[in-house]
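Asker: I would like the atomic coordinates for the input below:
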Amino acid sequence: MKLGGSIVMASFLCSRSASAFLPAATRSSSSTRRLATVNQIFNNQNGGQHHHGERRSTIPTFQSNALLKSSSTVASAAATSSRLFSTAVSKEAAAGAQAEEEEVELPTNENDIDLLKIRHTSAHVMAMAVQQTFPEAQTTIGPWIDNGFYYDFFFPETKDEETGEAVPSRKLTDQDLKKVKKAMDKICSKNYPILREEVTREEAKKRIEAIGEPFKLEILDSIKTEPITIYSIGDQWWDLCAGPHVESTGQLPKKAIALQSVAGAYWRGDENREMLQRIYATAWKDPKQLKLHKKRMEEAKKRDHRVLGKKLDLFSIQEDAGGGLVFWHPKGSTIRRKIEDFWKEQHIENDYDIVYTPHIANLDLWKTSGHFDFYAEGMFDQMEVENETYQIKPMNCPFHCLMYKDTIRSYRDLPFRWGELGTVYRYERSGTLHGLMRVRGFTQDDAHIFCLPDQLQDEIVDVLKLTKDILSRFGFTKYELMVSTRPEKAVGSDQIWEDATNALVGALDQLGWDYGTDEGGGAFYGPKIDLKIKDAIGRTWQCSTVQCDFNLPDRFDLEYVSAEGTRERPIMVHRAIFGSIERFFGILIENCAGDLPLWLAPVQMKLLPVTDAVVPYCKEVAKKARKLGLRVEVDRGSERLAKQIRNAEQGRIPVMSVVGMKELEEGTLAVRSRKLGDLGSFSVDDLLEELKRCDGDAEEMSKMGMVPVKEEAPEAEESPAE
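Answerer: Reported below is the predicted structural model:
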């Protein structure tokens, strides 16, 4: 905005996500919400807080020791490569190994305040450059995000100065972005100082009205704190903002800033409001970081779960049925079933009971729980049934509360651990839907624990151990943990908050896990631990959560009879490990680039018949394998052998076997691993036994079969001396 105008604070959140139900296990990891510890640094360095009270904190990384066995298996198999027919390691595996070797930790907004300042100031400079290049542009909001920042602009219709005819609003193009970036570079080169100023609300309103920025008046009305802080770029342009910023535009590394794309976005996320144009950009501390980020983004495109889901025939979103509703195809369903079966087995082993609850309930239930009062905008419309109003469920927890209340509970009965793979439905705006990552119907891997206060820490320890064991099975061994404490508005006594927070912290300390603290970042109903997993290309994803709840036991009047015969409230713990099956599935597919481990692969082995004469033999092997619970398919044999092999490779099938007359006559199979190459020849029983073992132990097959040794030609006898 030109000097005399006003811009929203760059960190303003335009709308609350409809996924903000308790527990918040499925919220997007790309949220612009920040945490507390760094906020204290901001206050010390900049003398102010963000107007909406954002919290910031550094997040340490926890490295799990529960590494997958497959890593050691692959290493041992590689040592025996001299016995392989060939050492044909797949291109994907080689690329993955190279990526691991080149793994470098890029800084984040949470752990590098200088980077955050660069991104924050870059957003201001970009807005200034847009208005210099296109004077009709009106500015709205421009927050920093995980890998950079964005800014939303409104382009009104204008009039041709000569003819007076209406000119349609501008649609930004790639060429326009180049012009904006060139203008940004000039602003950086002029090294304008970044100046902070405090003004009254009346003064800020006066300046906004003077230059006719209607969106700014809405922003100003939403700011509840005073004084209003303004940051200026020299005497050229200014912004409603609380900082932090670099000291001058010359400190921005212009070769480490890149404008990426343009997208549409409704003002305030409301489809009934103005359509804005959002410019996405990335900014780093130096060009090397930018180059590495771009490389990782290219890799992320290759791993896009939406592309791989279609290519591997795993799932689809059928728009004829409605957006955000997932259709699981046979192969995707097989993977999902394996995920869910493992989840259930682990919970049963850890003394959980698996429960099932309805998909709808009387609206009164949601009024009792508070969902209807606090989260109605995220719930689908109600339905009338026999003069009663019913609501499709957005959450499972009220159902578990009703089950607890079904009979009188004694302190001797506690704890109860109830797990449910419960499908819930939440209204998400169509513009926010994204593959499996953000949908309208999804299955939470929900569990609730009802326990005594003195049982809480032990229960949290067990939950965290279970979380590590389950995530490690899927290859996720690097985590970021955050403890969020009591917010300003909360239910429950000071003592119960202190005891619950101490239990969460005590559990992490007992396990020796590193964690950050988000002061004031807890839910209104209790403190929590959030866990983010790190994937193969360094991205973090919010998955697991452990949340204490003092609200629902009170709302539902849950009680147990104490040892003294008094009625007491139990502690309720919400916890999820995957967050949702759909979202975790998408993360998993992107983490392994669709190259699933043998135990999860929808097809574990494919038999490739060389001739029709061996097809019955292949079918008999496949039938025997299925009886053992293995997933083996026989290629139709309608393609040439080279095409069959290529199809199996493109289908990411872990093991394949080319079957000819020799295998039929000997009752054997020649085995090839997708990751390790040729493994030799096995009897059918030995092969299926080994595959069954690998399936159960979540290992890749690396055992060597009987490898025929070429007979050496006999040495020629020496001729007798003449």
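
Asker: could you report the neighbour count for the nearest residue to Asp462 once chain neighbours are set aside?
Answerer: Leaving aside its sequence neighbours, Asp462 sits nearest to Asn350 (CB to CB, 6 or more residues apart in numbering; 6.7 Å). Every C-beta, even on glycine, is put in place using the N, C-alpha and C of the backbone. Per other CB atoms under 10 Å, the neighbour tally for Asn350 reads 16.

Asker: contacts only, for Asn350.
Answerer: With contact taken as CB atoms under 8 Å, 6 or more residues apart in numbering, Asn350 is in contact with 417, 462, 466.

Asker: among those residues, which are in strands?
Answerer: Applying DSSP state E to the contacts of Asn350, the entries found in strands are Arg417.

Asker: quick one: which of the contacts of Asn350 is nearest to Gly512?
Answerer: When those are compared for distance to Gly512 (CB to CB), Asp462 comes out closest, at 15.6 Å.

Asker: count the neighbours of that closest one for me.
Answerer: Asp462 has 16 neighbours, counted by other CB under 10 Å.

Asker: equivalent analysis for Lys178, please.
Answerer: 11.

Asker: tell me which element it falls in.
Answerer: Under the criterion of DSSP states H and E, Lys178 resides in helix 174-189.

Asker: helices or strands next to that helix in the packing?
Answerer: Helix 174-189 is packed against helix 113-133, strand 257-266, with contacts defined by 3 or more CB pairs under 8 Å, 6 or more residues apart in numbering; DSSP states H and E.

Asker: kindly export the last one (C-alpha atoms) in CSV.
Answerer: Just to be clear, that refers to strand 257-266. Below are the C-alpha coordinates for strand 257-266, written out as CSV (Å, rounded to 0.1, in the frame of the first residue of the first chain):
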residue,chain,number,x,y,z
ILE,A,257,13.3,-14.9,-3.0
ALA,A,258,11.1,-16.4,-5.7
LEU,A,259,7.5,-15.7,-6.6
GLN,A,260,5.9,-19.1,-7.3
SER,A,261,2.2,-19.0,-8.4
VAL,A,262,-1.1,-17.3,-8.3
ALA,A,263,-4.3,-18.8,-6.9
GLY,A,264,-7.8,-17.6,-6.1
ALA,A,265,-9.0,-17.1,-2.5
TYR,A,266,-12.2,-15.6,-1.1
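
Asker: just checking, what packs against it?
Answerer: Using 3+ CB pairs under 8 Å, 6+ apart as the contact test, the elements touching strand 257-266 are helix 174-189, strand 275-283, helix 287-302.

Asker: what helices and strands are in contact with the second one?
Answerer: With contacts defined as 3+ CB pairs under 8 Å, 6+ apart, the secondary structure elements packing on strand 275-283 are helix 113-133, strand 148-154, strand 257-266.

Asker: and what of the last one?
Answerer: The criterion is 3+ CB pairs under 8 Å, 6+ apart, and the helices and strands that helix 287-302 contacts are strand 257-266.

Asker: remind me which residues of the stretch 601-722 of the chain are low pLDDT?
Answerer: The stretch 601-722 of the chain contains residues with pLDDT under 70 at 707-722.

Asker: in the chain, which residue is closest to the centre?
Answerer: The chain has Trp541 as the residue nearest its centroid, 3.4 Å off, counting by CA atoms, centre = their mean.

Asker: what lines up beside the host helix or strand of that one in the sheet?
Answerer: Element membership of Trp541 [criterion: DSSP H and E] is strand 540-549. Sheet pairing of strand 540-549 (DSSP bridges) gives strand 528-534 (antiparallel), strand 571-576 (antiparallel).

Asker: dump the ones you listed to TSV, plus distance to Leu607, mean pLDDT and mean neighbour count.
Answerer: TSV is the format used below for these (distance: least, CB to CB, whole Å; pLDDT from 0 to 100; neighbours: other CB atoms under 10 Å):
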stretch	distance to Leu607	mean pLDDT	mean neighbour count
strand 528-534	36	94	24
strand 571-576	40	95	26
